[in-house]
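Novice: Here's a sequence, model it:
(chains A and B)
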Amino acid sequence: MSLSSPLISAKGIIRTIVPMTNDNHLFEFSDSSGALRACKPGQFVELWVPGVGECPISVCSGRVGDTIQLMVRKVGRVTSALFQMSEGDWVGLRGPYGHGFPVDKYKGKNLCLVAGGLGVAPIRSLWQYVIDHREDFGKLILIYGMRHSFDLLFRQEFQLLLRRKDIEVYIAAEDTAGPEIPSLTVQLGRVTDMIDLAPISADFEVALCGPPVMYKYAVERLQKKGIPASNLWLSLERHMKCGIGKCGHCFVGGRFTCKSGPVFSLAELNLLPEVIECNHGGI
Amino acid sequence: MNNCFVLVKELFEEFFALLQARGVVYAPVRVSAQSFSFRKVDSVSEIAFEALRTILPPKKFFYPQQETIITYEGDTIREHEPEIPFQILFGVHPCDLAGFGIMDTIFGAEPADNHYRRRREKSLVIGLSCMPDRHCFCQSMGTECPRGGYDLFVTDIGDEYFFSVGTPAGFELLQSARELVSAATETHRDRYKNFWNTRADSFTNGFSPDNLHSVLDMEWDNEIWTELGQRCLSCGNCTPVCPTCYCFDLVDIASLNGESGERRREWDSCQFSGFASVAGDFNFRPTPVDRLKFWYRHKLHGFDDPYGFKTCVGCGRCTVSCPAGIDDLVDVVKRLQKSRERVSHVTK
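Specialist: Alright, predicted model coming up:
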């Protein structure tokens, strides 16, 4: 049967569920359509829990094969229903959608990746991609900030990243309480403090993903370091309900976040109203 | 041009019978002293030829208020493909035809929406000329004359109906009516031109659209939005009545045993308070001011995406259906344009 409706999902079976924190689980799904192999860093898929609804979830791995990993936070109706499901249950998946991080533009350049909270999931797809193609890129700096150190996601993976010589990792939490296992060096502070600390210069391309409130301050600090708006790439959060530029829920100004974004350069965003993530007109 | 024909009005009954032979005919019907609705008609006498704007625009025939998109049973997911009877829409005015053009573009853009397309393809659209009332401003939006979206367009030129052909399907329909119609003569053409000239002079409502785009850009922070937004009830009336409002919600309806169910598409409104909210209780447009301003900008400034076009067709439905009386688009545009004339620092 040909799946002709763009709104129809392919079946995905839950293969594994790895709890990273109480409310953040890493789900791995089999992809019966094979369409998700085309996922690129920063893109998203629509996850459907039959009988409940769909929600957009960012791709969180640099490469998608027979299975796809999605980091899901239990925060709404659909994700709460997903948290009730078990390995072997099925969900619907469709995608990939949107324009992710422009990895081709990043080639040969120095890169700084900034993640705040759950924003680490899409940023993970980018660092994994860059590490997979390490020789194509210059310096790589990764900044990750969160409220509390026990919210830290991908703890094991960060331990390995911290040992690598080809990536500089800065992790900050506003509050810490240890010890947590495995232990990681976490600095007390915010993403903005790490931006001040890290050796980022004007020639860097910077990819950011985090809560709306983070962008305003992070962008300010990055611009202070001389990074032009065209080198700052923000992944916007909106409710991308259909994912295909029809339902209108994700409009930002007159653009569909799901089609033109979710990743936009600050230079593009400066031309749009309704972008609460940044101060407009800052040159 | 040989694609213009005329039909003597007395023969319209017979023409209507030809339409009925092809499918279900829908046309404006009077439903109250002052309102009209596109309904199924079985005889010519039911058709309200005088109707201007119907309560809902005819978008509902291609994009129903509620439709099942997907069904599932056990672990089998199926696209819902209902049998769609052939439908003929008669009496669609230029503003609504322009609305079709915009809907066609949105739903036709890749990945194309086949639910919309299936209904669109199973339809024949016959446009009908009209004379503007005090709320019509299609002239300002550039949708005054039909430019497409119809198979046939009918202009009332007095004793006859003047047919312009829009598509091969429309031509084919006229061919089947060749006993009834005849080629338009010079006199008919003159009367046709006269009608459209008179119509163009009959508009009492409108604005100069030249600076619309830049005015909307410049006046994003105008106090008018707060004033109107504070009176907005967020009822969402302005969106279902709009010929180009296409926003929808996707809803799951599960059976009681949870084994089967369907996924439905329903019209949604950007004026509803939760429209732009995301999980975690964050709302990107928390107040009526934010939502109203967004809607106005989308209609009058249009897309920033490659589509580029504005999405208002000047039908006046939002104006007449707003219970708070704040959706007078023409008045709002004029006030915004007035703000442009006010300069705070006089430069010489």
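Novice: Any stretches of the stretch 1-150 of chain B with poor pLDDT?
Specialist: B:1-2 (pLDDT under 70).
Novice: Nearest to chain A: which residue in it?
Specialist: Of all residues in the stretch 1-150 of chain B, B:Pro111 sits closest to chain A, at 3.7 Å by Cβ to the nearest Cβ. All C-beta spots, glycine's among them, are computed from the backbone N, C-alpha and C.
Novice: Pull the number of nearby residues for that residue.
Specialist: Neighbours of B:Pro111 under the rule other Cβ atoms under 10 Å in any protein chain shown: 15.
Novice: hang on, A:Gly42 packs against A:Arg124?
Specialist: No - assessed by Cβ atoms under 8 Å, A:Gly42 is found out of contact with A:Arg124, at 10.7 Å.
Novice: Could you give the bridge partners of residue 68?
Specialist: You didn't say which chain, so I picked chain A. A:Phe29 (DSSP bridges).
Novice: Wait, chain B was what I had in mind.
Specialist: Beta-bridge partners, per DSSP bridges, of B:Thr68: B:Arg264.
Novice: residues touching it, list them.
Specialist: B:His80, B:Pro82, B:Glu262, B:Arg263, B:Arg264, B:Arg265 (Cβ atoms under 8 Å, 6 or more residues apart in numbering or on different chains).
Novice: The residues you listed: which two are farthest apart?
Specialist: Every pair in the contacts of B:Thr68 was compared (Cβ to Cβ); the two farthest apart turn out to be B:Pro82 and B:Arg263, at 14.1 Å.
Novice: Please report phi then psi for B:Tyr192.
Specialist: Note on B:Tyr192: backbone dihedrals following degrees, to the nearest 10 are phi -60, psi -50.
Novice: In this structure the residue of the stretch 1-150 of chain B closest to chain A contacts A:Ile244, no?
Specialist: Yes - contact criterion Cβ under 8 Å: B:Pro111 and A:Ile244 qualify, at 5.3 Å.
Novice: and B:Asp290, what element?
Specialist: B:Asp290 belongs to helix B:288-300 when assigned by DSSP states H and E.
Novice: State the mean pLDDT of that helix.
Specialist: The average pLDDT for helix B:288-300 rounds to 94.
Novice: Past it, which element shows up next along the chain?
Specialist: helix B:317-321.
Novice: ok now do the residue nearest to A:Ser235 when sequence neighbours are not counted, which residues does it touch?
Specialist: The shortest distance from A:Ser235 to any non-neighbouring residue, by Cβ to Cβ, 6 or more residues apart in numbering or on different chains, is to A:Cys209 (4.2 Å). Listed by Cβ under 8 Å, 6+ apart, the contact set of A:Cys209 reads A:Gly42, A:Ser58, A:Val114, A:Ala115, A:Gly116, A:Gly119, A:Val120, A:Ala121, A:Pro122, A:Ile123, A:Leu234, A:Ser235.
Novice: Who does the fifth one form a beta bridge with?
Specialist: For A:Gly116, the beta-bridge partners are A:Gly145 (DSSP bridges).
Novice: Am I right that it is in contact with A:Gly145?
Specialist: Yes - between A:Gly116 and A:Gly145 there is a contact under Cβ under 8 Å: 5.2 Å.
Novice: anything in contact with each of these two?
Specialist: A:Val191, A:Gly210, A:Met214.
Novice: show me where the stretch 201-348 of chain B has helices.
Specialist: With helices called from DSSP state H, counting those that start in this stretch, the stretch 201-348 of chain B shows them at B:212-218, B:223-231, B:288-300, B:317-321, B:329-341.
Novice: I'd like the average pLDDT over the second one.
Specialist: Averaging the model's pLDDT scores along helix B:223-231 yields 93.
Novice: Between helix B:329-341 and it, find me the angle.
Specialist: 150 degrees (axes from the mean of the first three to the mean of the last three Cα atoms, to 10 degrees).
Novice: List the contacts of helix B:223-231.
Specialist: B:287-293, B:296, B:324-326, B:332, B:335-336, B:339.
Novice: Counting neighbours, which bits of it end up buried?
Specialist: Using 16 or more other Cβ atoms under 10 Å in any protein chain shown as the test for burial, helix B:223-231 gives B:Ile224, B:Trp225, B:Leu228, B:Gly229.
Novice: Would you mind listing what in the stretch 201-348 of chain B touches chain A?
Specialist: Proximity of the stretch 201-348 of chain B to chain A, by Cβ under 8 Å from any Cβ of the partner chain, involves residues B:220, B:246-252, B:254, B:258, B:261, B:263, B:265, B:268, B:270, B:275-280, B:282, B:284-285, B:290, B:294, B:297-298, B:301-305.
Novice: Buried subset of those residues, written for ChimeraX?
Specialist: To isolate the buried ones among these in ChimeraX, judged by 16+ other Cβ under 10 Å, type:
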select /B:246,247,248,249,250,252,261,263,265,268,270,275,276,277,278,279,282,284,285,290,294,297,298,301,302,303,304
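Novice: Report the secondary structure element holding residue 13.
Specialist: As the question left the chain open, I've gone with chain A. strand A:10-19.
Novice: if you could check chain B rather than the one you did, that'd help
Specialist: Going by DSSP H and E, B:Glu13 is in helix B:12-22.
Novice: Quick check: what element follows that helix along the chain?
Specialist: Next along from helix B:12-22, by DSSP H and E: strand B:24-30.
Novice: now for that following strand, which elements pack on it?
Specialist: Counting contacts by 3 or more Cβ pairs under 8 Å, 6 or more residues apart in numbering or on different chains; DSSP states H and E, strand B:24-30 packs against strand B:36-40, strand B:87-92.
Novice: With respect to burial, which of those scores highest?
Specialist: Comparing those by mean neighbour count (mean count of other Cβ atoms under 10 Å in any protein chain shown), strand B:87-92 ranks first with a mean of 24.
Novice: what inclination does it have with respect to strand B:36-40?
Specialist: Going by the same axes, to 10 degrees, strand B:87-92 makes 150 degrees with strand B:36-40.
Novice: Strand B:87-92 versus strand B:24-30: what angle between them?
Specialist: Using the same axes, to 10 degrees: strand B:87-92 against strand B:24-30 is 30 degrees.
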